[in-house]
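A.B. asks: Mind looking at a prediction? Sequence and model below.
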Amino acid sequence: MNTAEKERNKRLREVKKENARRYRALKKEKKRKIPESEYLTRMKDPDNILEIDNLHTFFYTDVGTVRAIDGVTFEVPRGKTVGIVGESGCGKSVTSLSVMRILQEPQGQITGGEIRFNQRKENRAINLVKTPQKVMEKVRGGEISMIFQEPMTTLNPVFTIGRQLDEAVELHSEKMSKKEVAEHSISMLKLVGIANAEGVYKMYPHELSGGMRQRVVIAMALACSPDLIIADEPTTALDVTIQAQILDLLRDLKNKINASIMLITHDLGVVAEMADYVVVMYAGRVVEQGTVQDIFHNPTHPYTLGLMKSRPNILGGEGDRLYSIPGNVPNPVDLPNYCYFHNRCDQCIAECDGPFPEMVALSKTHKVACYRAAKKEVQE
Ligand SMILES: Nc1ncnc2c1ncn2[C@@H]1O[C@H](COP(=O)(O)OP(=O)(O)OP(=O)(O)O)[C@@H](O)[C@H]1O
Ligand code: SF4
Ligand SMILES: [Mg+2]
């Protein structure tokens, strides 16, 4: 074994030892009884349903620490849809798994920041980062529910749709009789546009098409009238015509149930149609955020501009050729100490060699983390 190999093996052993220490610390923390005073908090703005504040979520792996979420801050106002966009691996799903507190443990851990949730039903606000799992069980499904990309990850193939829907309803509404629960489940199936609701109630997941299954998953997510719905690529696994139907359904439902939606997608078209606010993520950070008008009419971060160009017919889309941003996302185990977009950016200025740019407000709603975009605004 040569010296370089020995050095590498030594480093790997150190990483494993350090990770084992962190896993033990997490195990110990999970056994601790957490008093309410540790997780009760106050919303910065009571009109928000969710406030993510300087969130850090890391994965302690054998090859090193993956800084999946590296200081993310954004808000979800009550009754509004916030679209989270960015390339594959930028941390969209890990953000939602952090909110739900369903990260793959012990590797995945929230290491810093707050996730404030406005628990309207309890008339209080809680910091989900510190909330004990017992309380989280009530929050999940009852107040925040999640729609995943692939409906079969949510549906159990061996139980009927009715049984699974009933279970979701019962979990958070103990006072209902069996008959009332079944009626509620069937009314949810009708709400999501399933014509033969009584029939589907008795069917198994494999008897339904992909689009129907996703409607069922949406019905399950709505069963307890949550205040926040997190939809992670809810239409990506469906074919194009069904995608449009499911998006129409979500938009229609949002108005009916007055819930907030955190919509995760890599499709800017979906965001333009559905969202009130947009958060653009890159390599575990937010690089630009604003209203849907801010982002689509006045995009300023070179990465956002690149995303816009990579969609045909938006901003100078030339012919039918799809623009793709040259270069790659930096390795999340070894992130640079300057702007993460530096190696792909064609608009660098001298300041870009400095530390990662701070988030600068361009207007009341529009913010960007880019030296050039901030400077341009000051000069104008
Ligand atoms: N269980 C895990 N162990 C180690 N690293 C992980 C794990 N889950 C996610 N990551 C890493 O965290 C980063 C963010 O991943 P995430 O799944 O949030 O991306 P995403 O934006 O949802 O991408 P996509 O559009 O492909 O769904 C990636 O670098 C990913 O490799
Ligand atoms: S800070 Fe500089 S390198 Fe980073 S996106 Fe802005 S112009 Fe490009
Ligand atoms: Mg994802």
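C.D. replies: All right, it came through fine. Numbering: from 1, shown residues only. Ligands and ions are numbered 1, 2, ... in the order given.
A.B. asks: Near ligand 2, which residues of the stretch 201-350 of the chain are found?
C.D. replies: If contact is defined as Cβ under 6 Å from any ligand atom, the residues of the stretch 201-350 of the chain in contact with ligand 2 are 302, 339, 341, 342, 345, 347, 348. For the C-beta atoms, the positions are set from N, CA and C on the backbone; glycine is no exception.
A.B. asks: List of residues touching stretch 139-152?
C.D. replies: 96, 99-102, 117, 119, 121, 126, 128, 131, 154, 168, 171-172, 205, 210, 213-214, 216-218, 220-224, 226-234, 236-237 (Cβ atoms under 8 Å, 6 or more residues apart in numbering).
A.B. asks: contacting residues for the spatially most central residue of the chain?
C.D. replies: Per Cα atoms, centre = their mean, the C-alpha nearest to the average position across the chain is that of residue 96, at 3.4 Å. With contact taken as Cβ under 8 Å, 6+ apart, residue 96 is in contact with 146, 230, 232, 262, 264.
A.B. asks: The second one contacts residue 98, doesn't it?
C.D. replies: No - when contacts are counted by Cβ atoms under 8 Å, residue 230 is not listed as touching residue 98 (10.7 Å).
A.B. asks: Ramachandran coordinates for residue 368?
C.D. replies: phi -140, psi 150 (degrees, to the nearest 10).
A.B. asks: which residues touch it?
C.D. replies: With Cβ under 8 Å, 6+ apart as the criterion, the residues that contact residue 368 are 287, 288, 300, 301, 359, 360, 362, 374.
A.B. asks: Check the gap between the second one and residue 131 for me.
C.D. replies: Relative to residue 131, residue 288 is positioned 30 Å away (criterion: Cβ to Cβ, to the nearest Å).
A.B. asks: quick one, which of the two is more surrounded?
C.D. replies: residue 288 (28 against 22; other Cβ atoms under 10 Å).
A.B. asks: Could you see whether ligand 1 lies near the strand or helix carrying that one?
C.D. replies: Secondary structure assigned from DSSP states H and E places residue 288 in strand 285-291. No - in this structure, strand 285-291 remains apart from ligand 1 according to Cβ under 6 Å from any ligand atom; the gap is never smaller than 11.4 Å.
A.B. asks: Report the buried residues of the helix or strand hosting residue 221.
C.D. replies: When secondary structure is defined by DSSP H and E, residue 221 falls within helix 210-222. Within helix 210-222, the residues that qualify as buried are 211, 212, 213, 214, 215, 216, 217, 218, 219, 220, 221, 222, counting by 16 or more other Cβ atoms under 10 Å.
A.B. asks: List the neighbouring strands of the next helix or strand after it plus their orientation.
C.D. replies: Note on helix 210-222: by DSSP H and E, the next helix or strand toward the C-terminus is strand 228-232. Each strand that strand 228-232 pairs with, and the sense of that pairing, follows from DSSP bridges: strand 144-147 (parallel), strand 260-264 (parallel).
A.B. asks: Including distance to residue 310, mean pLDDT and mean neighbour count, could those go into JSON lines?
C.D. replies: As requested, those are arranged in JSON lines below (distance: least, Cβ to Cβ, whole Å; pLDDT from 0 to 100; neighbours: other Cβ atoms under 10 Å):
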{"stretch": "strand 144-147", "distance to residue 310": "25", "mean pLDDT": "92", "mean neighbour count": "25"}
{"stretch": "strand 260-264", "distance to residue 310": "18", "mean pLDDT": "95", "mean neighbour count": "26"}
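A.B. asks: Out of those strands, the one nearest ligand 1 is which?
C.D. replies: When the strands paired with strand 228-232 are compared for distance to ligand 1 using Cβ to the nearest ligand atom, the nearest one is strand 260-264, at 6.8 Å.
A.B. asks: pLDDT weak spots in the stretch 251-380 of the chain?
C.D. replies: 312-322, 376-380 (pLDDT under 70).
A.B. asks: sorry, back to before: any idea which of the residues of the stretch 201-350 of the chain next to ligand 2 is closest to ligand 1?
C.D. replies: Taking Cβ to the nearest ligand atom as the measure, ligand 1 lies nearest residue 341 of those, at 15.4 Å.
A.B. asks: quick one: contacts for that closest one?
C.D. replies: The contact partners of residue 341, taken as Cβ under 8 Å, 6+ apart, are 282, 283, 287, 301, 302, 303, 370.
A.B. asks: ok, 7 Å please
C.D. replies: Applying Cβ atoms under 7 Å, 6 or more residues apart in numbering to residue 341 gives the contacts 282, 287, 302, 303.
A.B. asks: Tell me which of those fall in strands.
C.D. replies: Among those, the members falling in strands (DSSP state E) are 282, 287.
A.B. asks: Could you export the contacts of residue 341 as CSV, including neighbour count?
C.D. replies: Supplementary listing: the contacts of residue 341 in CSV, determined by neighbours: other Cβ atoms under 10 Å:
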residue, neighbour count
282, 25
287, 27
302, 21
303, 26
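A.B. asks: just the contacts of residue 341 now: which is nearest ligand 1?
C.D. replies: The nearest member of the contacts of residue 341 to ligand 1, counting by Cβ to the nearest ligand atom, is residue 282 at 9.9 Å.
A.B. asks: these two touch, right, the closest one and residue 340?
C.D. replies: Yes - counting by Cβ atoms under 7 Å, residue 340 is a contact partner of residue 282 at 6.1 Å.
A.B. asks: how near is the single nearest residue of the stretch 151-300 of the chain relative to ligand 2 to residue 73?
C.D. replies: Using Cβ to the nearest ligand atom, residue 287 is the residue of the stretch 151-300 of the chain that sits closest to ligand 2, at 7.3 Å. With the distance defined as Cβ to Cβ, residue 287 ends up 12 Å from residue 73.
A.B. asks: same thing with residue 354?
C.D. replies: The gap separating residue 354 from residue 73 is 20 Å, by Cβ to Cβ.
A.B. asks: Neighbour count: those two, which is higher?
C.D. replies: Comparing residue 354 with residue 73 by neighbour count (other Cβ under 10 Å), the higher total belongs to residue 73, at 17 against 11.
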